[in-house]
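Undergrad: need coordinates for the below:
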Amino acid sequence: MIIPVVLAGGSGSRLWPLSRQLHPKQFISFNSADSADQQTLFQQSLSRLQGIEGLGAPIVVCNEEHRFLVAEQLRQLDIIGATILLEPFGRNTAPAVAMAALLAAPDDCLLVLPADHVIRDVQELQRVISLGAQLAEAGHLVTFGIVANSPETGYGYIQCGEALDNQGFQVKRFVEKPALEIAKAYLASGDYYWNSGMFMFKAAGFLNELSKHAAHMLQVCRISSAGLQTDNDFTRIPADIFSTCPSDSIDYAVMEKTSQAAVIPLDANWNDLGAWNSLWEVAEKDADNNVLLGDVSCIDVHNSYIRSGSRLIAAIGLQDMIVVDTADAVLIASKDQVQSVKQIVQKLEMTNRAESLGHTLVYRPWGSYESLVLGDGFQVKHIRVKPGASLSLQMHHHRAEHWVVIQGTATVTCDDNVFDLQANESTFIPLGSKHRLQNRCADWVDLIEVQTGGYLGEDDIVRFDDVYGRAP
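TA: This is a model prediction of the structure:
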């Protein structure tokens, strides 16, 4: 059986302001400014596997704070039986894959995929996965090398050695990101490929090589695996044990050291969307070589990427520029400076700016909320609750709330009172009262929440009961 192992960690800070710590790039659709009906990168990584013979339910490795994003996006794909493995903190790719391998059957063939890649030629991808499965069955640890079409300095490289059966090659060596002149020489030689970070091997074969080359890492992972806890849809790795695990990539821990490494060339219009210029490269362009998404009006603009998420953008006389608008932040950068976006995010983090952490629109397992106005002592939010969903029974120490229903029927608990609110009806939730919002109907509930008080932070929530396991 082929088990997809999707590595869905990471923050994608070079794609700020769209990608944020609490909602990173792998869970975003970049196909249009309005991504409500578009598949995210994470969803695409699973959808393009459909039709592969012998495909099993995936194992998704992600951060604790992204668990509900993963669960909801799997639900949207109608994927049943997936394992959502929660890392208490990142330890790079080798421990993540080791934990997945310990969950799988020894003979299962693991297909390790980063969750943030774009691959346009799905048919070619599935063809090389079939070849990879054959090599994995023969005992090889397979990596997929992207056929290079330019001397990129932002990727690692794989040099191929002797040919193997089924159009694969032995791996001669892995190479770090090279200088430009060296990258040009690699491209001219024809025997170097970009390192995609995609792998395929039998679970037992990977664990066996890990025992040879990173024995302590495997030991910690085995102990962690024995202490896994499952609640609701999630499998949690014990933090106290996993904290002692070394941090290392699959490349460093195993692939550069094993004698079983093989590489299969992949030429399928691949891109890892590492920065905003990558989005410009892979997107459809207009007559002026621009990518324009959302409400954008241009005069004399060329070779640029302009994305409006919340308002009209009017641009005049721009060349080779990136402009990205969200509800609370705007990025303006030259295309040749986009790698520095990560430094902007670091500056925001150092000054505790909320714009580095999350968006004004925040998704929750029960629906979403969006901060519309925030002022001194008050905040206005738009709250949406899914059919059949319920927020936790909770209280606040520092704020009171007014709720006004826009559409649907909201069931409200306020201390000992339980009652329904229809559209155009409202209620007051006093400070310190135990309260809950539920939607028992078949349609969404929309309401406006007005908060008043001396502190309005999201950490001023005491939960007493919660169907999503967030209460003590």
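
Undergrad: contacting residues around residue 277?
TA: When contacts are counted by Cβ atoms under 8 Å, 6 or more residues apart in numbering, residue 277 touches 305, 322, 335-336, 338. Every C-beta, even on glycine, is put in place using the N, C-alpha and C of the backbone.

Undergrad: just residue 420 next, same as before
TA: 409-412.

Undergrad: looking at the contacts of residue 277, which are in strands?
TA: The subset of those located in strands under the criterion DSSP state E comprises 305, 322.

Undergrad: thinking again about what came up before, out of the contacts of residue 420, which is most surrounded?
TA: If you count neighbours using other Cβ atoms under 10 Å, the busiest of these is residue 410, which has 26 neighbours.

Undergrad: tell me the confidence at it?
TA: Here the pLDDT value assigned to residue 410 is 98.

Undergrad: check contacts around it.
TA: By Cβ under 8 Å, 6+ apart, the residues touching residue 410 are 385, 403, 420-421, 437-439, 445, 447.

Undergrad: kindly recompute the last result at 6 Å.
TA: By Cβ atoms under 6 Å, 6 or more residues apart in numbering, the contact list for residue 410 reads 421, 445.

Undergrad: quick thing: my sequence starts at 49, can you match it?
TA: Right, with 49 as the first residue, what we last looked at is residue 458.

Undergrad: start and end of stretch 97-105, how far apart?
TA: Across its full length, stretch 97-105 reaches 11 Å between end residues, using Cα to Cα, to the nearest Å.

Undergrad: please read the previous query as pertaining to stretch 271-285.
TA: Using Cα to Cα, the gap from the first to the last residue of stretch 271-285 comes to 10 Å.

Undergrad: tell me which residues are up against it.
TA: Counting contacts by Cβ under 6 Å, 6+ apart, the residues outside stretch 271-285 that touch it are 115, 119, 131-136, 150, 286, 289-290, 517.

Undergrad: now do the helices in the protein.
TA: 89-95, 115-124, 141-151, 170-185, 228-237, 251-261, 263-274, 287-290, 298, 324-330, 389-398 (DSSP state H).

Undergrad: just to revisit the earlier point, for ChimeraX, write the select line for the buried members of the contacts of stretch 271-285.
TA: Selecting the buried subset of those in ChimeraX, with 16 or more other Cβ atoms under 10 Å as the burial test, is done by:
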select :115,119,131,132,133,134,135,136,150,289,290
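
Undergrad: nearest residue to residue 470 in space, please, no chain neighbours.
TA: Across the structure, with Cβ to Cβ, 6 or more residues apart in numbering as the measure, the residue nearest residue 470 apart from its sequence neighbours is residue 457 (5.8 Å).

Undergrad: got the phi and psi for the one you found?
TA: Geometry field for residue 457 lists phi and psi as phi -120, psi 120, criterion degrees, to the nearest 10.

Undergrad: isn't it right next to residue 488, touching?
TA: No - under the criterion of Cβ atoms under 6 Å, residue 457 makes no contact with residue 488, lying 7.4 Å away.

Undergrad: in the stretch 149-298 of the chain, where is pLDDT below threshold?
TA: Within the stretch 149-298 of the chain, the stretches falling below the threshold (pLDDT under 70) are 214.

Undergrad: likewise for the stretch 399-520 of the chain?
TA: Residues of the stretch 399-520 of the chain that meet the criterion pLDDT under 70 are absent altogether.

Undergrad: what are the ranges of the strands in it?
TA: Using DSSP state E, counting those that start in this stretch, the strands of the stretch 399-520 of the chain run over residues 409-412, 415-423, 426-433, 441-443, 447-455, 458-462, 465-469, 474-477, 483-486, 493-501, 510-513.

Undergrad: tabulate the CA atom coordinates of the fifth one in CSV.
TA: Written as CSV, here are the backbone C-alpha positions of strand 447-455 (Å, rounded to 0.1, in the frame of the first residue of the first chain):
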residue,chain,number,x,y,z
ARG,A,447,-15.2,42.0,28.6
ALA,A,448,-18.9,42.0,28.0
GLU,A,449,-20.5,41.2,24.6
HIS,A,450,-23.5,42.3,22.6
TRP,A,451,-24.7,39.8,19.9
VAL,A,452,-26.9,40.8,16.9
VAL,A,453,-28.0,38.0,14.6
ILE,A,454,-27.8,38.9,10.9
GLN,A,455,-29.2,35.6,9.5
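
Undergrad: buried sites along that strand?
TA: Quick answer for strand 447-455 (16+ other Cβ under 10 Å): 447, 449, 451-453.

Undergrad: list just the nearest of those to residue 316.
TA: Comparing these against residue 316 with Cβ to Cβ places residue 453 closest, at 48.9 Å.

Undergrad: what sits against that closest one?
TA: 469, 471, 473, 495.

Undergrad: which other helices and strands does the longest strand seen in the chain contact?
TA: With DSSP E applied, the strand covering the greatest number of residues in the chain is identified as strand 240-250. Contacts of strand 240-250 with other secondary structure elements, assessed using 3 or more Cβ pairs under 6 Å, 6 or more residues apart in numbering; DSSP states H and E, are made with strand 157-162, helix 170-185, strand 189-195, strand 205-211.
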